[in-house]
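Novice: Quick one: sequence plus predicted model below, questions after.
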Amino acid sequence: MSAFNASNMLVAAYLGSPATKKTVAKQTDLTFDESAGDIDISNKQSGRYGESLAGRLSGTIDFEAFIETAPGAGEASIADVRAVFVAGTAIKWAIASTISGTESTEVFGYITKFTRKYTQETGAAYSISIKITGAPTVTMVA
């Protein structure tokens, strides 16, 4: 088994009508977090120890991108991404890989946080958080 370069993991948004897949321009860091809630089943026989079962699955996607003033063809700009945030609707997102043997994932989700960072002496950037709604579709890259 060998590690792969995470720069090959790209975030894309399905934008417009009909929806067209556009890669987020100048995307850098990416985190895809899945977690399980818990269901408390503690009872008198549990004593002081709590008992639980695995509950519903949920997930978030967080990423950062440099603000690109002239995105290329097929790229989503900061304005495109912010429009999704302002609309407050869930759209289809993809975490796509180009490396054989890795996963590509598609989800529906809505943006819960949109942050701009203007750090002196470095590139201006923005970051977003996406709350996943529904089950992800995961495929292996051939």
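Specialist: Arrived safely.

Novice: Across the sheet, point out what pairs with the spatially most central residue of the chain.
Specialist: The centre of the chain sits closest to Ile61, judged by CA atoms, centre = their mean, with a distance of 2.6 Å. Under DSSP bridges, the beta-bridge partners of Ile61 are Phe32, Ile130.

Novice: Per-residue pLDDT of it, please?
Specialist: Listed pLDDT for Ile61 reads 95.

Novice: show me where the chain has strands.
Specialist: In the chain, the segments counted as strands under DSSP state E are 9-15, 20-24, 27-40, 52-66, 75-76, 91-97, 103-117, 125-132, 137-140.

Novice: how far is the third one from where the chain is centred?
Specialist: A distance of 9 Å separates the C-alpha centroid of strand 27-40 from that of its chain, computed with CA atoms, centre = their mean, to the nearest Å.

Novice: now do the fifth one
Specialist: With CA atoms, centre = their mean as the basis, the distance from the averaged C-alpha position of strand 75-76 to the chain average is 15 Å.
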